[in-house]
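Student: Quick one: sequence and predicted model below, then my questions.
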Amino acid sequence: LIDWSYDLLSPQECTLLRRLAVFAGGWTLEAAEGICAWGEVDELAVLDLLDQLVNKSLVSMESTSEQPRYRMQETIRQYSQDKLLAAGEAIEARNRHLAYFEAKLAEAGPLWRTAQRSRWLTWVGQEQDNLRHAVEWALENDLEAALVLVGNLGFYWPQVASSLEGRRMIARALAQTEAHPDGWSGDNVEPRRQLLLAGAWFTDGFMANTGGVNPDIRTSMEKAIALLRPLGEIKQLAMAYGFAGLGALFTGDYQTGLAHGREALALARQSGDRWGVAMQLITFSMIGAMSGPEGVDALAQWEEGMAIMRELHDSWGEAMGHMVAGNAYLLRRDLSTARQHLEQSSRLFSETSYEFLANIGRSGLAEIAWRQGDYPRARVLYPQVINLWRLADQRGGIARCLECLGFIAGMQARDAAEQVPLLRRAATLYGAAESIRRTNNSPMHPWEQAEYDGYLANLRDMLDQDEFASAWRTGQQMDLDQAISFATR
């Protein structure tokens, strides 16, 4: 049937149809014109040819976004791929596909710091299959292009796919630079390549942060810093120091966290980048508030950063500031103030479709609920948080939710007529969470660990030793989906 339809096409329609098979997950008119128009297919003819393929039911069109997207059924795509190979055009098509998406992502990458981030986030979400497709081809054929792609995915990818997947792509690209060190290591690396390597390590650290793999944040960011400093890339260097400071904070090295935070703020001020200054003020306020040193006025830093974000009309930056403040007040157990900030953060992020970031606020609101004794509210919120973390593959966040649900079960057991089932539930949740953290290299924050140790000791006192060991072992043996199913039932 496809042969019959194909034979009825004009030569130009045949050519375009087979070239369209290079796309994964659909395409736009702009992409088709940029990738498929060469030789006998003129760029100005692509729209008319696409319309003909739609009319002949070989291509479908969706008008749900700003610009229509086109798709073809998988059977037609496979047939067209065979034609593309037979025509000897497959390599040219893949190279053009890679060049197009490399250029688009190189444009999008730096704009996460601007009000255009929402538009590009939508684009990455729509094109994620094509971006995976491009990365795969680049990893096999063009290492520099692969590094451009993975180095510019950092802000966007965790919000449309997962940090874990993104870090795997980065690891494959960096492994290739290590396997072929000529031109990629030593004292004679070209500045352009040095910048690409720095971008990959920065993105890896960024995704380690969004993925909750706290030890890797600082490690990757400090590798980026070592590459960026000789290049004089002050804006990027400031961001790397800021995230390295957070990585140090999250692993309990408060002095290094403060030192990196101060350096980040100084570099941002030196660069004259108002948005960068605001971001580093907000970041440094978080480091200062959570490490609690003398001589750091975290509130003043935060207020200055928020004032700049408001001046820049950056609602995303304001939402980030409210999230930082909410978590700082939560740590200090000022639950009323924490709730105000986290509700504001979640609202602002949700309004602009940043559901990944909004979920951090929801997680904090769930914690406030159980700390105030509203266990039913917490039991409603945590499944919502867990399900979104599962979509994002945020395993550290899932583990934290399981631990908090374990705290709730343990506290409810104190007043229950039948204590053992609730205590066993708590032990099972703790066992499952520990397994997730261990396999994901995602230890607790130091301030979480101290509280957890107290709850765990109380549970051991209340539950028979054999009962505890059995329930803990049950949790340890669960895979991720089993643990989520147990926690949310």
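Tutor: Cool, got the structure. Quick caveat, the model's predicted, so the values are computed rather than measured.
Student: does Pro215 sit in a helix or strand, and which one?
Tutor: helix 214-228 (DSSP states H and E).
Student: Tell me the helices and strands packed up against whatever helix or strand comes next after that helix.
Tutor: Using DSSP H and E, the helix or strand that follows helix 214-228 towards the C-terminus is helix 234-250. Secondary-structure packing of helix 234-250 (3 or more C-beta pairs under 8 Å, 6 or more residues apart in numbering; DSSP states H and E): helix 191-211, helix 214-228, helix 254-271, helix 274-291. For the C-beta atoms, the positions are set from N, CA and C on the backbone; glycine is no exception.
Student: What residues of the second one count as buried?
Tutor: Applying a neighbour-count criterion of 16 or more other C-beta atoms under 10 Å, the buried positions in helix 214-228 are 214, 216-225, 227-228.
Student: Can you name the residues in contact with it?
Tutor: 194-195, 197-199, 201-202, 204-205, 208-209, 236-237, 240-241, 243-244, 246-248, 250-251, 253, 256, 396, 441-443, 445 (C-beta atoms under 8 Å, 6 or more residues apart in numbering).
Student: Mind checking which of those residues are buried?
Tutor: Buried subset of the contacts of helix 214-228 (neighbour count, 16+ other C-beta under 10 Å): 194-195, 197-199, 201-202, 204-205, 208-209, 236-237, 240-241, 243-244, 246-248, 250-251, 253, 256, 396, 442-443, 445.
Student: quick revisit: make a markdown table from the helices and strands packed on helix 234-250 and add mean pLDDT and distance to Gln116 to it.
Tutor: Shown next, in a markdown table, are those (pLDDT from 0 to 100; distance: least, C-beta to C-beta, whole Å):
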| stretch | mean pLDDT | distance to Gln116 |
| --- | --- | --- |
| helix 191-211 | 94 | 18 |
| helix 214-228 | 95 | 24 |
| helix 254-271 | 95 | 20 |
| helix 274-291 | 92 | 12 |
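Student: what are the ranges of the helices in the stretch 251-400 of the chain?
Tutor: 254-271, 274-291, 298-311, 315-331, 335-351, 355-371, 375-392, 395-413 (DSSP state H, counting those that start in this stretch).
Student: Where does the prediction get shaky in the chain?
Tutor: Scanning the chain for pLDDT under 70 picks out 1, 65, 292-296.
Student: show me what contacts the residue nearest the centre of it?
Tutor: Nearest to the mean C-alpha position of the chain, by C-alpha atoms, centre = their mean, lies Pro158 at 1.8 Å. Residues near Pro158 by C-beta under 8 Å, 6+ apart: Gly166, Met207, Thr210, Gly211, Phe356, Ala392, Gln394.
Student: show me the contacts for the nearest residue to Asn152 once chain neighbours are set aside.
Tutor: With sequence-adjacent residues excluded and distances taken as C-beta to C-beta, 6 or more residues apart in numbering, Asn152 is closest to Gly109, at 2.9 Å. For Gly109, the contact set (C-beta under 8 Å, 6+ apart) comprises Gly151, Asn152, Leu153, Gly154, Phe155, Gly199.
Student: Quick check: the farthest pair among those residues?
Tutor: Spanning the widest gap among the contacts of Gly109 are Phe155 and Gly199, at 12.1 Å by C-beta to C-beta.
Student: before we move on, back to that, if we compare the helices and strands packed on helix 234-250, which one ends up closest to Leu312?
Tutor: That would be helix 274-291 among the helices and strands packed on helix 234-250, by C-beta to C-beta, at 6.1 Å.
Student: just how off-centre is the closest one within its chain?
Tutor: 20 Å (C-alpha atoms, centre = their mean, to the nearest Å).
Student: List the buried residues for that helix?
Tutor: 275-291.
Student: tell me what it is packed against?
Tutor: helix 234-250, helix 254-271, helix 298-311, helix 315-331.
Student: Pick the most deeply packed of the ones you listed.
Tutor: helix 234-250 (a mean of 25; mean count of other C-beta atoms under 10 Å).
Student: Between helix 191-211 and that helix, find me the angle.
Tutor: 30 degrees (axes from the mean of the first three to the mean of the last three C-alpha atoms, to 10 degrees).
Student: follow-up on the earlier one: is it possible to export the helices of the stretch 251-400 of the chain to CSV including distance to Glu13?
Tutor: Output for the helices of the stretch 251-400 of the chain, formatted as CSV (distance: least, C-beta to C-beta, whole Å):
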stretch, distance to Glu13
helix 254-271, 52
helix 274-291, 48
helix 298-311, 51
helix 315-331, 44
helix 335-351, 44
helix 355-371, 41
helix 375-392, 39
helix 395-413, 48
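Student: related to what we said a few turns ago, any idea which of the helices and strands packed on helix 274-291 gets closest to Gln52?
Tutor: helix 315-331 (42.2 Å).
Student: on that earlier part again, distance-wise, check the residue nearest to the centre of the chain relative to Lys83.
Tutor: Pro158 sits at a distance of 37 Å from Lys83 (criterion: C-beta to C-beta, to the nearest Å).
Student: Verify the stated contact: Leu196 with Val148.
Tutor: Yes - shown here, Leu196 and Val148 form a contact pair, counting by C-beta atoms under 8 Å, at 6.6 Å.
Student: just to revisit the earlier point, and of the helices and strands packed on helix 274-291, who's closest to Trp120?
Tutor: helix 315-331 (12.2 Å).
Student: Need the CA coordinates for the closest one. PDB is fine.
Tutor: Output in PDB follows, covering the C-alpha atoms of helix 315-331 (Å, rounded to 0.1, in the frame of the first residue of the first chain):
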ATOM      1  CA  SER A 315       9.100  36.500  37.600                       C
ATOM      2  CA  TRP A 316      11.200  33.300  37.300                       C
ATOM      3  CA  GLY A 317      14.000  34.900  39.300                       C
ATOM      4  CA  GLU A 318      11.400  36.100  41.900                       C
ATOM      5  CA  ALA A 319      10.000  32.600  42.100                       C
ATOM      6  CA  MET A 320      13.500  31.200  42.600                       C
ATOM      7  CA  GLY A 321      14.100  33.800  45.400                       C
ATOM      8  CA  HIS A 322      10.900  32.800  47.200                       C
ATOM      9  CA  MET A 323      11.900  29.100  46.900                       C
ATOM     10  CA  VAL A 324      15.200  29.900  48.500                       C
ATOM     11  CA  ALA A 325      13.600  31.900  51.300                       C
ATOM     12  CA  GLY A 326      10.900  29.300  51.900                       C
ATOM     13  CA  ASN A 327      13.500  26.500  52.400                       C
ATOM     14  CA  ALA A 328      15.600  28.700  54.600                       C
ATOM     15  CA  TYR A 329      12.700  29.600  56.900                       C
ATOM     16  CA  LEU A 330      11.600  25.900  56.900                       C
ATOM     17  CA  LEU A 331      15.000  24.900  58.100                       C
END
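Student: Can you name every helix or strand that that helix contacts?
Tutor: helix 274-291, helix 298-311, helix 335-351, helix 355-371.
Student: Tell me what angle the second one forms with helix 254-271.
Tutor: If you take the same axes, to 10 degrees, helix 298-311 sits at 30 degrees to helix 254-271.
Student: Mind giving me the packing neighbours of helix 298-311?
Tutor: Using 3+ C-beta pairs under 8 Å, 6+ apart as the contact test, the elements touching helix 298-311 are helix 274-291, helix 315-331.
Student: Turn the ones you listed into JSON lines, columns for distance to Ile484.
Tutor: Shown next, in JSON lines, are the helices and strands packed on helix 298-311 (distance: least, C-beta to C-beta, whole Å):
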{"stretch": "helix 274-291", "distance to Ile484": "29"}
{"stretch": "helix 315-331", "distance to Ile484": "23"}
